[in-house]
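Q: I need the structure of the sequence given here:
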Amino acid sequence: MPVNIPNTLTWMRIALIPIVVGVFYLPPHWLSGGERNLVAALVFVAAAVTDWFDGYLARSLGQTSSFGAFLDPVADKLMVAAALIVLVQLERLDAILAVIIIGREITISALREWMAQLGKSANVAVAFVGKLKTAAQMAAIPLLLYNAPLLGIGTATLGTVLIWIAAGLTLWSMGYYLHRAAPILKAGSGRAT
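A: Residues are numbered from 1 along each chain as shown. Below is the predicted model of the structure:
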């Protein structure tokens, strides 16, 4: 495992996940409901910012590595899944949306791993629709965690609209990646596992 700034930022992102979850389990006299929401939202935003920085720094410093390429999406998926589960528990998110988003992440991760083993990872490289999906998720989740008016904007309503958009983009992107992989999936369907 190469120790460098991008990988350290990715590990920091993973380390922030228990804070986003754990803040809601603190005794009530430690933080009010609004303070919990604020801390969780700010920590999630900080983690999301490290996601952008670690990729940028890896490329600009020439510190890309196969380990970093593996760890970065794992950290993203852990962060999003943990936040979605918390939001379902807080009744700020329908469970079906969490299932759609988390299920897609597992499906596409498995597809990418399988395609990489076949030497066909370019067929399921990140597409623009996947980037839109990620942007919608990363905007929606902190709004739903914060769950209070901000500068006259109802964050719960805006977050809900954005998470529905993210779910739609999630299905669209999954369809896109599966379509791209379909010829290889068909060709490999007769092989023994």
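
Q: can we go C-alpha only for contacts and neighbour counts from here?
A: OK.

Q: now the strands for this structure?
A: For the chain, the strands defined by DSSP state E cover 149-150, 153-154.

Q: so for Ser109, which of those strands sits nearest?
A: Comparing those against Ser109 with CA to CA, the closest turns out to be strand 153-154 (33.8 Å).

Q: pipe the strands of the chain into a markdown table and attach distance to Gln137 and mean neighbour count per row.
A: Shown next, in a markdown table, are the strands of the chain (distance: least, CA to CA, whole Å; neighbours: other CA atoms under 10 Å):
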| stretch | distance to Gln137 | mean neighbour count |
| --- | --- | --- |
| strand 149-150 | 19 | 12 |
| strand 153-154 | 17 | 12 |
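
Q: select, out of those, the one closest to Leu84.
A: Among these, the nearest to Leu84 by CA to CA is strand 153-154 (19.2 Å).

Q: partner strands of the lowest-mean-pLDDT helix or strand in the chain and their direction?
A: Ranked by mean pLDDT, DSSP states H and E, the helix or strand of the chain with the weakest confidence is strand 149-150, at a mean of 85. For strand 149-150, sheet partners with direction are given as strand 153-154 (antiparallel), following DSSP bridges.

Q: can you redo the strands of the chain as JSON lines with distance to Leu87?
A: Formatted as JSON lines, those follow (distance: least, CA to CA, whole Å):
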{"stretch": "strand 149-150", "distance to Leu87": "17"}
{"stretch": "strand 153-154", "distance to Leu87": "17"}
